[in-house]
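Asker: Need a 3D model of the following:
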Amino acid sequence: MSASDEPTTVPTADVNTIPASGDEHEDATSDVPEVARVLDLRPPPEVDPAYRATVRDLAERLRQLQRPINVLSPLRWPKAVEEGFFAAGATRQPEVTRETYAPLPYDPTALTRALEDLHGDIRNRLGRFNPVGQLMAQRCLEWRETVAMLTARGTPDFSRSAGLLYGRTSDAFHVAGPTTADLGVDLAARLERIEGSGLLPADEKTMDATEGAAWLQERLDRVFDEDRVRVEVSDAIVAEAIAGSDRIRLRADARFSERALRILEVHEAYVHVATTLNGRRQSTLTFLDKGPPSTTISQEGLAVLVEVTAFTSHPTRLRRINDRVEAIHKVEDGATFLDVYRWFLTERGHEPPAAYADTTRVFRGSLPEAGPFPKDLAYARGFVQTYNFFRVAVARGRVFRIGLLFTGKTALERIDLLFEAFDEGLLDPPRYLPPHFADLSGLASWLAYSGFLNQLDLDRIEDDYVRLL
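Answerer: Have a look, this model is predicted:
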């Protein structure tokens, strides 16, 4: 559930071009996580009832104001745009103007004013230095900027606003360090070598939608024991699978590999669905069931990291994610819709429908010649940031703070404020966690070694070891 505010389409290219997994991790979902192992739980302090009531009142106001704001659905291009593009032989830019986008289902001016009023009330009632007040005030401002971005759909201002919210490929990971674009270049070369080896097993779609739904439902029921997460078969969706806040739908005429279903299980259910449900269960900070763009970056990065640590991800899937990073970089450098579409065709070997779909992801909300919508940077950028947080948490002996990322729709850069809220007794621990996070000892051991491994010169090691291969 990538934007945290609406159902997420899981494209065919992402979930059904991946080799099937084996049974070596079959036991990964056998137990409900013991949350006390993941968070350093202590008896919650006594919270002044008047203080808790004030915080909850403000939190509820924020939850109500953010409720109508959907990010992705207002950015979609109508089917008629695709039909017109291919009817013209895919030789002209898609016919997209500001009028292509439907009006927002709320008054953006009134909503912006209400968010600003709430921001002022938070400052007035909690002060400028209260951690929970800072957390809510920052969210008010980010939702205000999100509404401004959505209001600018179909104009050059849209891409500029989106870049401020989701980042750009030129953003560095640390001072004088590599950028997201550098990561894309490095990953592209490594993943192409892996795929070019010819050793990756073929994907086998062994289950129809009914069988796949039963397989997935049985696994989810082991973890989501207090909230029902439904797996449904539907003939009303176009994509092969769609994940929402508390259900996953499979298209009735589709077939699925086990790995495709495992990705839905791990990425969608154990992160996106779990953080939504954990947010809904918050007794005081009720707004955590939904988040603005900054939480998308952390949530998508966390979901990819959980995939990797569960041995569910695959080089082909990572390459498709990385392709979008490269595409966004090209658009930032001036490429148009047609340029990127042809790049997907010729350089990435896409069929025309898949090339159109992936290019549309880069330009949705914008215009064919007016800059990108960089939301898809969240997967790679968020993964690196979340991994680094995990690694530093282990190095500093704070491994238990990792669980805070699952308490709702959270942003990594606000984790300090969340910990203070937890320490005050205002933040409830997460009920649902990825099963392999139930005991963090294995993850912590791996991360402890990774700190040293990152110091090694990979090029020099490759020179030393190449004769062994």
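Asker: so where do the helices sit in the stretch 251-400 of the chain?
Answerer: All helices of the stretch 251-400 of the chain, identified by DSSP state H, counting those that start in this stretch, fall at 258-263, 274-280, 293-309, 315-332, 337-346, 352-363, 377-395.
Asker: okay, those in CSV with mean pLDDT and distance to residue 427 next?
Answerer: Using the backbone N, CA and C atoms, a C-beta is placed for each residue, glycine as well. CSV is the format used below for the helices of the stretch 251-400 of the chain (pLDDT from 0 to 100; distance: least, C-beta to C-beta, whole Å):
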stretch, mean pLDDT, distance to residue 427
helix 258-263, 92, 30
helix 274-280, 96, 10
helix 293-309, 93, 15
helix 315-332, 91, 31
helix 337-346, 97, 42
helix 352-363, 96, 34
helix 377-395, 90, 17
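Asker: mind giving me a markdown table with these and columns for distance to residue 451 and mean neighbour count?
Answerer: Written out in a markdown table, the entries for the helices of the stretch 251-400 of the chain read as follows (distance: least, C-beta to C-beta, whole Å; neighbours: other C-beta atoms under 10 Å):
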| stretch | distance to residue 451 | mean neighbour count |
| --- | --- | --- |
| helix 258-263 | 28 | 26 |
| helix 274-280 | 27 | 24 |
| helix 293-309 | 16 | 25 |
| helix 315-332 | 23 | 22 |
| helix 337-346 | 37 | 19 |
| helix 352-363 | 35 | 20 |
| helix 377-395 | 6 | 21 |
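Asker: right, so of these, which gets closest to residue 111?
Answerer: Ranking these by proximity to residue 111 (C-beta to C-beta) places helix 293-309 first, at 16.2 Å.
Asker: Tell me how far the residue nearest to the spatial centre of the chain lies from residue 287.
Answerer: Centre of the chain computed as the mean C-alpha position; nearest residue by C-alpha atoms, centre = their mean is residue 300, 2.2 Å away. Residue 300 sits 20 Å away from residue 287, taking C-beta to C-beta, to the nearest Å as the criterion.
Asker: just to revisit the earlier point, any chance of the helices of the stretch 251-400 of the chain in a markdown table with distance to residue 105 as columns?
Answerer: Formatted as a markdown table, those follow (distance: least, C-beta to C-beta, whole Å):
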| stretch | distance to residue 105 |
| --- | --- |
| helix 258-263 | 31 |
| helix 274-280 | 21 |
| helix 293-309 | 19 |
| helix 315-332 | 28 |
| helix 337-346 | 27 |
| helix 352-363 | 22 |
| helix 377-395 | 24 |
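Asker: Nearest to residue 59 among these would be which one?
Answerer: Nearest of those (C-beta to C-beta): helix 274-280, 11.0 Å.
Asker: Tell me the pLDDT of residue 6.
Answerer: Listed pLDDT for residue 6 reads 42.
Asker: what does residue 176 give?
Answerer: What the model reports for residue 176 is a pLDDT of 80.
Asker: remind me which residues of this structure are low pLDDT?
Answerer: Under the criterion of pLDDT under 70, the regions of the chain flagged as low confidence span 1-44, 199, 439.
Asker: mind running it again at 50?
Answerer: Under the criterion pLDDT under 50, the flagged ranges of the chain are 1-33, 36.
Asker: what about the strands in it?
Answerer: Secondary structure of the chain by DSSP state E: the strands cover 8-10, 207-208, 230-234, 241-243, 247-251, 255-256.
Asker: between these, which one is nearest to residue 117?
Answerer: With distances scored as C-beta to C-beta, the stretch of the strands of the chain nearest to residue 117 is strand 8-10 (31.3 Å).
Asker: follow-up on the earlier one: just say which of the strands of the chain is most tucked in.
Answerer: Among the strands of the chain, strand 241-243 has the highest mean neighbour count (mean count of other C-beta atoms under 10 Å), at a mean of 25.
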